[in-house]
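Novice: Just to be clear, the model below is a prediction. Sequence and coordinates:
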Amino acid sequence: IMLLYLKQAWESRVRAGNDTQEDLLYAIREGAVLRVRPKAMTVAVIIAGLVPIMFGVGTGSEVMQRIAAPMVGGMITAPLLSMFVVPAVYLILRRQQAKSD
């Protein structure tokens with residue numbers, strides 16, 4: 001979904017006649033900022049739902065903790081990937097595409 005927002009932001013800048021490197025950076029920031037709140041809310045809700053499982057005691061809690069631990073780790077690393085790595089890779093690929101044109 002992040003790629004869709006980045007692509008839409010860039011295409012709207014290009015349609016307006018702004019297709020410089022600075023405009024590319026602005027479009028990436030604009031597209032990424034639109035995804036911050038939904039991503040943060042999703043991560044917060046999922047982690048809030050998994051924390052009781054991680055610290056629970058009782059029947060089956062040992063098994064559930066082993067199931068929940070990778071999910072918590074994924075919910076910490078996945079937003080970092082989508083908020084920082086995906087826009088950076090998009091910038092690199094768009095720059096290479098602009099050089100080849």
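Specialist: That came through, no problem.
Novice: quick one, longest helix in this protein?
Specialist: The longest helix of the chain (DSSP state H) is helix 21-55.
Novice: Report all helices and strands that that one contacts.
Specialist: Secondary-structure packing of helix 21-55 (3 or more CB pairs under 8 Å, 6 or more residues apart in numbering; DSSP states H and E): helix 2-15, helix 61-80, helix 86-100. (Each C-beta comes from the backbone N, C-alpha and C, glycine too.)
Novice: For the shortest one, C-alpha coordinates in CSV please.
Specialist: Listed in CSV are the C-alpha atoms of helix 2-15, where the atom choice follows Å, rounded to 0.1, in the frame of the first residue of the first chain:
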residue,chain,number,x,y,z
MET,A,2,2.9,2.3,0.7
LEU,A,3,4.0,2.0,-2.9
LEU,A,4,0.6,3.0,-4.1
TYR,A,5,0.7,6.2,-2.0
LEU,A,6,4.2,7.0,-3.2
LYS,A,7,3.3,6.4,-6.8
GLN,A,8,0.1,8.5,-6.6
ALA,A,9,2.0,11.4,-4.9
TRP,A,10,4.7,11.3,-7.6
GLU,A,11,2.2,11.1,-10.5
SER,A,12,0.3,14.0,-9.2
ARG,A,13,3.5,16.1,-9.0
VAL,A,14,4.5,15.0,-12.6
ARG,A,15,1.0,15.9,-13.9
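Novice: For that helix, which outside residues touch it?
Specialist: 19, 23-24, 26-28, 30-32, 34-35, 82-83, 86-87, 90, 94 (CB atoms under 8 Å, 6 or more residues apart in numbering).
Novice: For the residue lying farthest from the centre of the chain, give me the pLDDT.
Specialist: Distance from the C-alpha centroid of the chain peaks at Thr59, with 35.8 Å (CA atoms, centre = their mean). Looking at Thr59, its pLDDT is 87.
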